[in-house]
Structures are given as structure tokens and as C-alpha cells.
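# can you look at this prediction? I've put the sequence above it.
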Amino acid sequence: MPGQAAAVQTAAREIFYREALNEALRQEMRRDPSVFLMGEGIAGRGGSYKVTVGLLDEFGTKRVMDTPIAEASFTGVGIGAAITGMRPVVEILFVDFTMLIMDQLVNQAAKYHFMSGGTRSVPMVLRTQGGVGNGLAAQHSQSLEALFYHIPGLKLVMPSTPYDAKGLLAGAIRCDFPVVFIEHKMLYMNKGYVPDKEYVIELGSGDIKRPGRDVTLIAWSNMIPRSLSAAQKLAGEGIDVEVVDPRTLVPLDKKLILESVRKTERVVIVQEAPRRGGVASDIASIVQEEAFDYLDAPIQICAGRNTPIPFNLNLESISIPQEEDIVQAVKNVFVS
Amino acid sequence: MIDIKILKNLYKTMYTIRTFELQCIKLYRQGEIRGYFHPYLGEEAIAAGVCAALGGDDYITSTHRGHGHCIARGADLDRMTAELLGKKTGYCRGLGGSMHIADFTGGNLGANGIVGGGIAMGVGAGLSCKTQDQKGISVIFTSDGASNNGIFMESLNLAAIWKLPVLLVIENNQYAVSTPIEDSTAESDLYKRGIGIGVDSFQVDGNDVIAVYSKSLEAVKKCRNGQGPILMEAKTYRHGGHHVNDPGLYMPKDRLEYYKSRDPLILCREYLTETAQVKQDDLERIQQEVESEMDQAIEFAAKSPELTLDEFKKMTEVY
Ligand SMILES: Cc1ncc(C[n+]2csc(CCOP(=O)(O)OP(=O)(O)O)c2C)c(N)n1
Ligand SMILES: [Mg+2]
């Protein structure tokens, strides 16, 4: 049966994170004609990280729109389209440049549902890309998720694998609220299993990336692969790490996190962003509030330094958690 | 006619920018330089011509394509190369790299990773000049793509209502990465934007250093006389892709060939030898001088240390 052969192939199919994102866009654009894309160099060029390659050919210029360098305005245009029946996916090349659109995003998009008494919504996805890598220095390397996390009215998604990237982007496009969807520049060329069939991951569902008994390690985005290799190393030293990926920071899958914490009784949170005022601190406060009695050791946060990202390679790498920092943080929760 | 010494200096500045870019691109290919690197190749006449019209008290703000501005404002190749190599002896101690390069001692307020990021700050420098009765003016280097960002019009308007000593230079290379200007604006003569908000605005051939220099002299003089701000659009074209890893295949061959035939260095050399009667030997001497300066810069940068972790920690403690 041809179907069966295809199913076997599908199971083995590994594609890049950027290809998985492309598939999600294609899937949703085929399904729903109100979905369209806007951004700088996303049409003919296919985007700086090749996420939108081929979409112009299939969907045409009305649905894959190149914009001038006018971030605040085209984001606002996206919001306007979203409140009048469209489902825009607006791309901001670097999360650093979302600082130019904060009024439109925070004062307009995030408030619209609320200010209309819950009668209106802004079904828009803001795709962007962040994190350290490749020596791009202080204005192209930031991890700014905490800013969006702080704003009621925004959803916040940070996928770590190709599988999650595809399912979550589809979930984000179907969500009726504005979603900030932050990809990581170092993940685009990671490969992983992705079914070619249509699927959707609902926002708010986390995932256990590695089951373990001894300690719960919570991380997201590019800190997941790094934490998984740290866990591998620690397994050799007899520490069985459970790696929990919330996948979406808003809404946060508290249930999954707390279940894991109650099982392992030790917690490490790893974040690439600077430590101060970060999402890790908030997750730590949720855990201590809701599972204090289970904790056998203080929660460890392994985070970036409270500094902009330097250009110099060595200094760049010491500015964010490396595998050995994560290993050390895990060991710290076993010292009593 | 322009003084021979000035003419030779214009050529030297352009040749220095050209040499710096070509040598540093080599280093990039060898893996010695990383990150984003936006070459100024093909646009040398603009920085050279404008900066030659400036004095010691003047400020500039620069862009992501900022090596040329930095050199034309008199920066030292040693420290520039060191910055690109991420070394402690670099202008930003290796923390900034190509996109943030600046010789702050020369009134260069900084390159910028954010397109349009320097425009308002440049107006602010103009405000400083005016309110503090400083002699200087402020030159803002910006680009066609940046002129589509709201901050461009807002800043120019502020400069206009406050009559600030600001010269805003649009380097119109007709592309924003791969997007041709026709796709991002319905009026590609960008100087017209200034007219709409009451700013003295004009266009100049950005590949002709003599023209850029002459027009800049007038503009700078006006700014110093309280007749600013002024907008100068310099039309030009990149010699390659947007950055060193972009082959620029979307640039039509014939357009590229046309602009390469109007290479600012070729045009300047022609003018110097034919109209100004400068000897070929003189030009060759200038070139050799620049080349050996660049060789020394590379050696200096290669030998330089990096900022240590302790030094880094100490500096960033304040955050
Ligand atoms: C606010 C902002 N948006 C987008 C970018 C990404 N980007 C860097 S350079 C560039 C093109 C700039 O074109 P232009 O302003 O014409 O300058 P040119 O590169 O041609 O000198 C873009 C889109 C950025 N750095 N900052
Ligand atoms: Mg341009």
C-alpha cells in the first residue's frame, strides 16, 4: 500500500528548524486564506534565515509582502489587518528591532481585547529571532523575552526543536490573541523529526525533552539542546536530569513543571537572557510558592550575565550559560 | 579649482577605505573576523567628500556600513583593524566590532546596528552644538532604507523647526539588503522628502568625490551660518552584496557594471591626472603609503591582546 510506505518515510523524516517553520506557514496559508505574511526581505529573498523560501511562488505578492524598513508602521498595519478579518504573520528580523514597535505591540495589540471589553481580538503573530551566536554583538544578540512576558495580553512562544517549531507556529497562527513567536538564530540549522502531515501544538502545553528522576531542569529555546548535552554528561556521573521545555512562556504549563518538581524535588532553571528580571526568576517564584514543601534544595538559576553581549568571541561565550555552567548549576542543587 | 593637496587627500582617503575593506574582507574569509561586515566598497566618495569639508569640532553619526565614515573622519587603521578582530586595543576594546566601530576622539559618535538608529542622536548633537555655542556642526550619515523609518522624518523635522546645524547625508545606494529602492518607495529621489518639511535639500552624484566635496563645503558653511539643517542625497551603488556573505546576485549585471565603470576611485584618478595634472607617480606613492599602513595595522591587530575576563567583569560591574 502506498500509504504505508509513505508513513514509514514520514516517521524517519528529519528537517531543519527553518524548514519546519516554512512548513507551518505553508500549511496554515493553504488552510486559511486570511493568513498572510509581512516583513523585510521575506518575499523574493525568502527571509534572512530562509524561513519563507518558496512562499511567494505559491501564494503571490498579496500574501507574501516585502516591507520597507518601517517596523513600527508595518506592525501597526498588521494589527489593523488583524482586527478587520485577516491573520497576519509579521516578521521582525531580530528581536532587538522589536524595540521599535513597542507602542504598536504593547499599547495597541496587547490591549485591544481588554479595551473592547473582551469583544475584539488581534489574531496576529509576530515572528522574530533572537539570542547569541555568530558574533553579532550588542544590538543583534539579545534575549528579550522577559519584556513580552511582562505584558498582559501577549502570548509568548519560544520553540526549541523543529517539531515544536512547526506545531507551535501553526498553533500561534490559529490563536486569537497577539503572539510573540521568538525563534533562535542558532537553531535554524538544527535538524529533527517533523511529520509532513498537518498538526498543531496548542499554546500552553510544555514538553518533557528528557525524562529523569533526580532533578528538574527547566529551559527553553537554544538552552534546550545545551541542557540536553549537559544532562547527558551528568548521566555519566549518576545524576538523572529531567529536562522540561515549557515551549510557550505565556501561557506557561505550570502543571507540567510542578508535576516534575514534585517528582524530583530539585530545580534548576536555565535561561540565556540576563539574570535580572528574567523569566527564570518568575518561574522560580511560582515553583517555591506552589511546591515549596517538595524542594530539597534552593532553586538554582543559571542565566546570562547582566551585560550587553560583547563582540569578542571569548567574552561572548562567557556572557551566556555554557554546557559546563549548566552542569555546575545542577551539581549545586546536590550540595547540602 | 580645489587645492591640489586637498585633492590628493580626497584620493588618499578613498584609497584607504578601499584598501581597508579589501584587506579586512580577506581576514574575514580567513576566519579572523566574524559577525556582520557591511563593506563601503563603491561608496567611498561620500564619506571622503563630506568629511573633508569638516573641521575638528564637528560630529558625525554613522551607520551599520560605517568603516568608511570612521576612516574619513581620521581614525587610526591600527585600532580599527584591532576592533574588527575583537582586540582590546580596538576602538571599542573589541566589544563592538564592525557594526559599532567608532573613533570617539574624532567626533564620531558611533556606527549603529539599528538602521536609522543614529539619526535622532545626530540631531541631538546638533542641538548641543547650537545651545552650547559650540563651533561644530553635526553630520548624520544615513541611508535610503533608513529614510523609510519614521524616525528619519521626525528627526529631520525637529532639526528644521529648531534650525539646527545639521547636515543629513542620505547614502542612496538604491538597495536595502536585496530590496531595490523602487519597491520600498514611490519616489526614489529621496532629497524631495526634505523639501516637504522645509529643509534645504539637494542631490549629488555620490560617486564623484569632487562634487560631494564641493557641495559639502557649501552645506557645511550654511550650517555654520545658522542656515541649517541641510539634506544631501548622494546617489551611489554598492560594488557587491549587502554584507560580505551576500553575493548580491539580485543586482542586475548591467547596472553593477555601469556603476563599476564609474568607480569613485577611477573617476577621482582621472580627474587628478587629467584635469589637475597630478603625476601618476604621486598617486602610486600615495597608494603604497596606504598599503604599508594597512599591513602594519594588520600586524598590530594580530599581535594585540584581548580584553580579559576580569577586565570585562570590572567594566560591566556598573550595570
Ligand atoms: C531597525 C532595523 N531594521 C532592520 C535591520 C536589518 N538591516 C540591516 S541593514 C538593512 C538594510 C539597510 O538598507 P539601507 O538603509 O539602504 O542601508 P545600506 O545597507 O544600503 O547602506 C537592514 C534591513 C536593522 N539593522 N535595523
Ligand atoms: Mg541602501
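Done, it's in. Ligands and ions are numbered 1, 2, ... in the order given.

# what about A:F94, neighbour count?
21 (other Cβ atoms under 10 Å in any protein chain shown). Quick note: C-beta positions are derived from backbone N, CA and C, even for glycine.

# so it makes contact with A:A138?
No - using Cβ atoms under 8 Å, A:F94 is not in contact with A:A138, being 11.7 Å away.

# confidence score at the closest residue to A:D32 other than its chain neighbours?
Among residues not flanking A:D32 along the chain, A:R87 sits closest, at 6.3 Å (Cβ to Cβ, 6 or more residues apart in numbering or on different chains). Looking at A:R87, its pLDDT reads 98.

# which residues does A:R87 bridge with?
A:R87 has these beta-bridge partners by DSSP bridges: A:V35.

# tell me the contacts of it?
Each residue near A:R87 by Cβ atoms under 8 Å, 6 or more residues apart in numbering or on different chains is listed here: A:E28, A:D32, A:S34, A:V35, A:F36, A:P123, A:M124, A:V125, A:I173.

# mind listing what's buried in whatever helix or strand the first one lives in?
Read that as A:E28. Element membership for A:E28 (DSSP states H and E) is helix A:17-31. By 16 or more other Cβ atoms under 10 Å in any protein chain shown, the buried positions in helix A:17-31 come out as A:Y17, A:R18, A:E19, A:A20, A:L21, A:N22, A:E23, A:A24, A:L25, A:Q27, A:E28, A:M29.

# would you turn those residues into TSV with pLDDT and distance to B:A72?
Output for the buried residues of helix A:17-31, formatted as TSV (pLDDT from 0 to 100; distance: Cβ to Cβ, whole Å):
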residue	pLDDT	distance to B:A72
A:Y17	98	42
A:R18	98	39
A:E19	98	44
A:A20	98	46
A:L21	98	42
A:N22	98	42
A:E23	98	48
A:A24	98	47
A:L25	98	44
A:Q27	98	51
A:E28	98	49
A:M29	98	47
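
# name the member of the residues you listed with the shortest distance to B:L309.
If you rank the buried residues of helix A:17-31 by distance to B:L309 using Cβ to Cβ, A:Y17 comes first, at 31.7 Å.

# show me the contacts for the residue lying closest to A:M189 once chain neighbours are set aside.
Distances taken as Cβ to Cβ, 6+ apart place A:F16 nearest to A:M189, at 5.8 Å, with adjacent residues excluded. By Cβ under 8 Å, 6+ apart, the contact list for A:F16 reads A:P162, A:Y188, A:M189, A:N190, A:K191.

# against chain B, how distant is the spatially most central residue of chain A?
Nearest to the mean C-alpha position of chain A, by Cα atoms, centre = their mean, lies A:M158 at 0.7 Å. Distance from A:M158 to chain B, counting by Cβ to the nearest Cβ, to the nearest Å: 22 Å.

# contacting residues for that residue?
By Cβ under 8 Å, 6+ apart, the contact list for A:M158 reads A:E145, A:F181, A:I182, A:H184, A:W220, A:S221, A:R247, A:T248, A:L249.

# now do 7 Å
A:E145, A:I182, A:W220, A:S221, A:L249 (Cβ atoms under 7 Å, 6 or more residues apart in numbering or on different chains).

# near ligand 1, which residues of chain B?
Proximity of chain B to ligand 1 (Cβ under 6 Å from any ligand atom) is limited to residues B:38, B:64-65, B:113-116, B:143-146, B:171, B:173, B:175-177, B:242.

# contacts with ligand 2 among those residues, please.
B:S143, B:D144, B:G145, B:N173, B:Y175 (Cβ under 5 Å from the ion).

# same list (the residues you listed) but as JSON lines, adding pLDDT and secondary structure.
Shown next, in JSON lines, are those (pLDDT from 0 to 100; DSSP: H, G, I helix; E, B strand; the rest coil):
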{"residue": "B:S143", "pLDDT": "98", "secondary structure": "strand"}
{"residue": "B:D144", "pLDDT": "98", "secondary structure": "coil"}
{"residue": "B:G145", "pLDDT": "98", "secondary structure": "coil"}
{"residue": "B:N173", "pLDDT": "98", "secondary structure": "coil"}
{"residue": "B:Y175", "pLDDT": "98", "secondary structure": "strand"}
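
# could you dump those to TSV with neighbour count?
TSV is the format used below for those (neighbours: other Cβ atoms under 10 Å in any protein chain shown):
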residue	neighbour count
B:S143	24
B:D144	25
B:G145	29
B:N173	24
B:Y175	21
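
# quick one: which of the residues you listed is nearest B:N225?
Nearest to B:N225, judged by Cβ to Cβ, of these is B:S143 at 27.5 Å.

# okay, and the beta partners of that closest one?
Going by DSSP bridges, B:S143 forms beta bridges with B:E171.

# what residue in the stretch 201-319 of chain B comes nearest to ligand 1?
B:H242 (5.7 Å; Cβ to the nearest ligand atom).

# over to the closest residue to A:Q322 other than its chain neighbours. Which of the three states is it?
Spatial nearest neighbour of A:Q322, excluding adjacent residues (Cβ to Cβ, 6+ apart): A:R226 at 7.4 Å. When classified by DSSP: H, G, I helix; E, B strand; the rest coil, A:R226 comes out as helix.

# now do the one 4 residues further on
Per three-state DSSP, the local secondary structure of A:A230 is helix.
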